[in-house]
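Q: Coordinates for the following, if possible.
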Amino acid sequence: MSEPMFWVVFFSAALALNLSPGPDLLFVLSRTLSGGRRVGVASVCGVCSGALVHVAAAALGISAIIATSALTFAVVKYVGAVYLIYLGVQALRSAGSAASLNLNVVPRVTVWQAYRQGILVDVLNPKAAIFFMAFLPQFIRPDHGAVALQLLVLGVLVVLVAVVVECAMVYLAARATSALRGNRRLSLWLDRMLGSVLIGLGIRLGLAERA
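A: Just a heads-up that it's a prediction; the model follows:
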């Protein structure tokens with residue numbers, strides 16, 4: 001495969017994977033609907049920072065432990081599931097409470113909180129670790145240097161594609177909902193939707209099996 005074709009295939013695959021409605025994207029969109037554009041972008045930065053942890057782990061071979069150890073996979077999975085459900089319950093408890101607030105001035109979830117939550121959501125998802133361990137080696141080229149370095153570079157590029165895709169999604173979601181947050185009833189349902197999505201993600205992660 002020629003060099004240009006290699007990168008076309010790689011970036012096409014990375015784009016397709018990042019456009020799929022996985023836990024990271026759903027979390028980011030939910031946070032955007034609840035807190036606005038700044039919170040959404042902070043969530044993107046958080047989940048992508050968490051993804052970089054998995055990229056580094058894949059490059060170092062640590063992800064292989066999670067992929068092959070049932071106990072390690074289960075521990076990480078259940079901790080992540082409980083955390084997502086906790087966030088969802090918190091959202092349901094505060095449903096509609098920010099209907100009269102200006103989100104640009106007093107966000108219910110601060111930018112820093114959204115960033116930290118995004119990191120934990122991604123780091124505590126063992127499927128993300130296995131994804132990088134399974135996806136990146138397909139693009140390793142034996143004649144292009146150290147495997148660990150190639151894994152690291154390719155993983156960072158996947159994360160950069162995720163930043164672009166998810167920030168675009170945040171922008172579109174924020175524009176679609178910014179005019180609705182002043183309506184108390186709509187605000188209530190947006191918060192209920194956020195809580196339900198997070199709880200659903202937690203249950204989905206808790207039921208996930210090793211592939």
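Q: From now on I want contacts and neighbour counts done on CA atoms only, so please keep to that.
A: Fine.
Q: Next up, phi/psi of L124, please.
A: phi -90, psi 20 (degrees, to the nearest 10).
Q: distance of the nearest residue in space to N18 that is not next to it in sequence from F11?
A: Excluding its sequence neighbours, the residue lying closest to N18 (C-alpha to C-alpha, 6 or more residues apart in numbering) is A162, at 5.6 Å. Look at A162 and F11: by C-alpha to C-alpha, to the nearest Å, they are 11 Å apart.
Q: Show me which of these two is the more surrounded one.
A: Ranked by neighbour count (other C-alpha atoms under 10 Å), A162 and F11 place A162 first, with 24 against 16.
Q: Next, the buried residues of the helix or strand encompassing that one.
A: Assessed by DSSP states H and E, A162 sits inside helix 147-177. Neighbour counts over helix 147-177 (16 or more other C-alpha atoms under 10 Å) mark 147-148, 150-152, 154-156, 158-159, 161-163, 165-167, 169-171, 173-174, 177 as buried.
Q: Determine the three-state secondary structure at the residue of the chain most remote from its centre.
A: Here the centre of the chain is the reference, and by C-alpha atoms, centre = their mean the most remote residue is D143, at 32.7 Å. Secondary structure for D143, judged by DSSP: H, G, I helix; E, B strand; the rest coil, is coil.
Q: got a list of what the residue positioned nearest the centre of the chain touches?
A: Closest to where the C-alpha atoms of the chain average out (C-alpha atoms, centre = their mean) is D24, at 2.2 Å. Contact analysis of D24 by C-alpha atoms under 8 Å, 6 or more residues apart in numbering lists 47, 118, 121-122.
Q: now do Y86
A: Counted by C-alpha under 8 Å, 6+ apart, Y86 has contacts I199.
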